[in-house]
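Asks: Predicted coordinates and the sequence they were generated for:
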Amino acid sequence: MRRAGRLLLGLMLLAFPTAAVAQPVASRESFEHVHALAFDAAGRTLWLGAHTGLYRSQDGGLTWAKTSLPTQGPGPDVMAIAQHPGEADVLYVGTHEAGVLKTADGGRTWTAANSGLRGLDVHGLAIDPNSPAKLHALVREAGAGLYRTTDGGQKWVRVDDGPPGETKVLASVNIPTGMGGIFLYAGTGEGLQRNPDCF
Amino acid sequence: MGGLPAGTVNGFAVHPANAQVMLVAMRDGVFRSESAGARWMAAQGGPRNAAAVTFKPSRPNEAYAATIDGQIFVSRDGGQTWAPLR
């Protein structure tokens, strides 16, 4: 009888694999401080970056579950989220202490994408809507500056000092500059700023 | 950037189908532009202490905002009016 019970449980886990790995529901009090919010490209998953980590909602923000990220400690402090415009499973997050993390399977596995970054305190992350392998990252403190990758985060190159003031959010916006590129917008402590993304 | 109050811009989002339409999240609420940021208006019912904002790609007129402490607000008219998510 006990053996039959174990067999039944095994069959249930095979039939409903997500139930076996479901994360506990997180209350909004557990966020402590929200930094970022983004839907995946399909509009199914709403991602929320907070002081205590990365959270996902499958019901439009009614309930949340914490996502495990491959970093030390309880966080990390997720400062920025950049979702791929066409592939719902591809997402980048910028963190306060672990640089940029990337998933290509909807958040099941993550890899660090920090080669070329001279610091790991990432406060802004923008993905180009026309060329999604091109991203910008705003690094603060050590190695501060604006960085760019053109290969989906495999290699970053420092571009310039970035916008003045403390950057809170960064976005590439599909508005032609007239000089061959599009605009990069930054929400900062000094308001909203924009620069041509064609330095 | 006329019409935005002085202060920190915490969050920013662009309409998926019309890049001229933008939202920002600020301490004083959510603000909306139809001119790529040249002019801004306060969105009706937008939460104070707004930390982040995003559009839903599959329903471009649906937008979500989060306050710093994690309360979620939703707009179903492209960010013009907002209500708490229930």
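Replies: Yep, that arrived.

Asks: Just confirm A:Ser30 is within a helix.
Replies: Yes. The assignment for A:Ser30 (DSSP: H, G, I helix; E, B strand; the rest coil) places it in a helix.

Asks: Report how many residues lie close to the residue nearest to it when sequence neighbours are not counted.
Replies: If the residues on either side of it in the chain are set aside, A:Ser30 comes closest to A:Thr52, at 5.9 Å by CB to CB, 6 or more residues apart in numbering or on different chains. C-beta here means a position set from N, CA and C on the backbone, and glycine is covered the same way. Applying other CB atoms under 10 Å in any protein chain shown, we find 19 residues neighbouring A:Thr52.

Asks: A:Thr52 touches A:Val34, doesn't it?
Replies: No. A:Thr52 is beyond contact range of A:Val34, at 10.0 Å (criterion: CB atoms under 8 Å).

Asks: and the lengthiest strand in chain A, how far out from the chain's middle?
Replies: Longest strand in chain A by number of residues (criterion: DSSP state E): strand A:167-176. Remark: strand A:167-176 is offset 15 Å from the chain centroid, using CA atoms, centre = their mean, to the nearest Å.

Asks: pLDDT wise, what is the residue positioned nearest the centre of chain B at?
Replies: The centroid of chain B falls nearest to B:Leu23 when counting by CA atoms, centre = their mean (3.7 Å). Looking at B:Leu23, its pLDDT is 98.

Asks: Show me what the strand or helix carrying it is packed against.
Replies: Per DSSP states H and E, B:Leu23 falls inside strand B:22-26. Where contact means 3 or more CB pairs under 8 Å, 6 or more residues apart in numbering or on different chains; DSSP states H and E, strand B:22-26 is packed against strand B:9-14, strand B:29-33, strand B:50-56, strand B:59-67.

Asks: Spell out which parts of chain A neighbour chain B.
Replies: Proximity of chain A to chain B is confined to A:28-29, A:31, A:33-44, A:46, A:48-50, A:60-62, A:85, A:166, A:168-169, A:171, A:173-175, A:183, A:185, A:187-189, A:191-192, A:194 under the rule CB under 8 Å from any CB of the partner chain.

Asks: can you tell me which of these are in strands?
Replies: Within those, residues falling in strands by DSSP E are A:34-39, A:46, A:48-50, A:168-169, A:171, A:173-175, A:183, A:185, A:187-188, A:191-192, A:194.

Asks: Just the buried subset of these, please.
Replies: Neighbour counting with 16 or more other CB atoms under 10 Å in any protein chain shown marks A:34-39, A:46, A:48-50, A:168-169, A:171, A:173, A:175, A:183, A:185, A:187-188, A:191-192, A:194 as buried within these.

Asks: CA atoms of stretch A:114-126 as CSV?
Replies: Only the C-alpha atoms of stretch A:114-126 are listed here, as CSV (Å, rounded to 0.1, in the frame of the first residue of the first chain):
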residue,chain,number,x,y,z
ASN,A,114,29.4,40.6,-16.6
SER,A,115,32.5,40.3,-18.9
GLY,A,116,33.9,43.7,-19.5
LEU,A,117,31.9,45.5,-16.7
ARG,A,118,34.4,47.1,-14.3
GLY,A,119,31.8,47.2,-11.5
LEU,A,120,28.8,45.1,-10.4
ASP,A,121,26.5,47.8,-9.1
VAL,A,122,24.1,48.0,-12.0
HIS,A,123,21.3,50.6,-11.7
GLY,A,124,20.0,50.7,-15.2
LEU,A,125,19.6,48.3,-18.0
ALA,A,126,18.1,49.0,-21.5
